[in-house]
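Undergrad: need a 3D model of the following:
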Amino acid sequence: MEKDLGNYRKSYEKGALLLNEVPDNPMELFQKWFYEVDTHFAEDETNAMTISTIGLDGYPKNRVVLLKKYTYEGFIFYTNYKSEKGKAIAANPNVCLSFFWHGAERQIIIKGKAEKIAENLSDGYFESRPRGSQLGALVSNQSEVIEDREYLENKLSELEKKHEGKEIVRPVFWGGYIVKPIEIEFWQGRPNRLHDRIRYQLQKDYSWLIHRLSP
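TA: The predicted structure follows:
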């Protein structure tokens, strides 16, 4: 099988990113870009982000998760701690997050360290989830091999009956991580592949060193 994609081309012309216009703190620029994309470009899920981990087999692996909160401290998402990504983070907390918003012709790449958030914060978010999502967290032994989909559906049915009329408590194997950034790069597509790239690097005094990078 072979398909030549050499003629797939697009001219990026929707914006610019100038060094003399960016804020000192990258989280302020992230907030600005997120708001603009969410408001004006109608992405399917603006908060969808790719997280890359180094697996126990030594290979990097990417998958899409949903950003649920961001603060000056970092980026929060939730998952099964016993999943493949959870085990990878436990062994090596160095991760990479990325957002690609095609409508705005923008990309953000974030290098940082992931750590579990406080249990009460995970409890609070779990309580806010729809009941079906709460049960889904109990049903799935994430990343484990199963025989067929019927196994999941039968287990869900059993749990629905077991918890009927009862509060569903967050399982200890499920909760949140915060990724605390040490480097954030903002990419704005430009014509002729001369894209704008601005990189922030965290310093020992918690200030950010800012550079423009060649595309």
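Undergrad: ok, now how distant is the most centrally placed residue in the chain from Ser214?
TA: Residue closest to the average C-alpha location in the chain (Cα atoms, centre = their mean): Met49, at 3.6 Å. From Met49 across to Ser214, the span is 25 Å (Cβ to Cβ, to the nearest Å). All C-beta atoms are positioned from the backbone trio N, CA, C, and that covers glycine.
Undergrad: pull the residues that contact the lowest-mean-pLDDT helix or strand in the chain.
TA: When the helices and strands of the chain are scored by mean pLDDT, DSSP states H and E, helix 149-162 comes last with a mean of 87. For helix 149-162, contacts defined as Cβ atoms under 8 Å, 6 or more residues apart in numbering pick out Leu135, Gly136, Leu138, Val139, Ser140, Ile146.
Undergrad: show the subsequent helix or strand relative to the strand ranked longest in the chain.
TA: The longest strand of the chain (DSSP state E) is strand 174-188. Counting by DSSP states H and E, the next helix or strand C-terminal to strand 174-188 is strand 196-202.
Undergrad: tabulate the CA atom coordinates of the helix or strand just after that next one in PDB.
TA: Heading C-terminal from strand 196-202, the first helix or strand you meet, by DSSP H and E, is strand 208-213. C-alpha atoms of strand 208-213 as PDB (Å, rounded to 0.1, in the frame of the first residue of the first chain):
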ATOM      1  CA  TRP A 208      10.100  32.800  32.600                       C
ATOM      2  CA  LEU A 209      12.800  33.200  30.000                       C
ATOM      3  CA  ILE A 210      11.200  34.000  26.600                       C
ATOM      4  CA  HIS A 211      12.700  33.400  23.200                       C
ATOM      5  CA  ARG A 212      11.600  33.400  19.600                       C
ATOM      6  CA  LEU A 213      12.500  30.200  17.700                       C
END
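Undergrad: name the SS class of the residue nearest to the centre of the chain, please.
TA: Classification of Met49 using DSSP: H, G, I helix; E, B strand; the rest coil returns strand.
Undergrad: same check on Val172?
TA: Of the three states, Val172 takes coil under three-state DSSP.
Undergrad: which residues sit in contact with it?
TA: By Cβ under 8 Å, 6+ apart, Val172 lies in contact with nothing.
Undergrad: what about it, distance to Ser207?
TA: Separation of Val172 from Ser207 (Cβ to Cβ) stands at 38 Å.
Undergrad: what residues are up against Leu18?
TA: Counted by Cβ under 8 Å, 6+ apart, Leu18 has contacts Asp196.
Undergrad: to clarify, my last question referred to Gly103.
TA: Per Cβ under 8 Å, 6+ apart, neighbours of Gly103: Val37, Phe41, Ala42, Glu43.
Undergrad: pLDDT score for Asn141?
TA: Here the pLDDT value assigned to Asn141 is 80.
Undergrad: state the phi and psi torsions of it.
TA: phi -90, psi 80 (degrees, to the nearest 10).
Undergrad: among the contacts of Gly103, who's most crowded?
TA: Comparing these by number of neighbours (other Cβ atoms under 10 Å), Val37 comes first, having 19 neighbours.
Undergrad: quick one: that residue from Asp148, how far?
TA: Val37 is 39 Å from Asp148, by Cβ to Cβ.
Undergrad: what does Phe100 give?
TA: In terms of Cβ to Cβ, Phe100 sits 34 Å off from Asp148.
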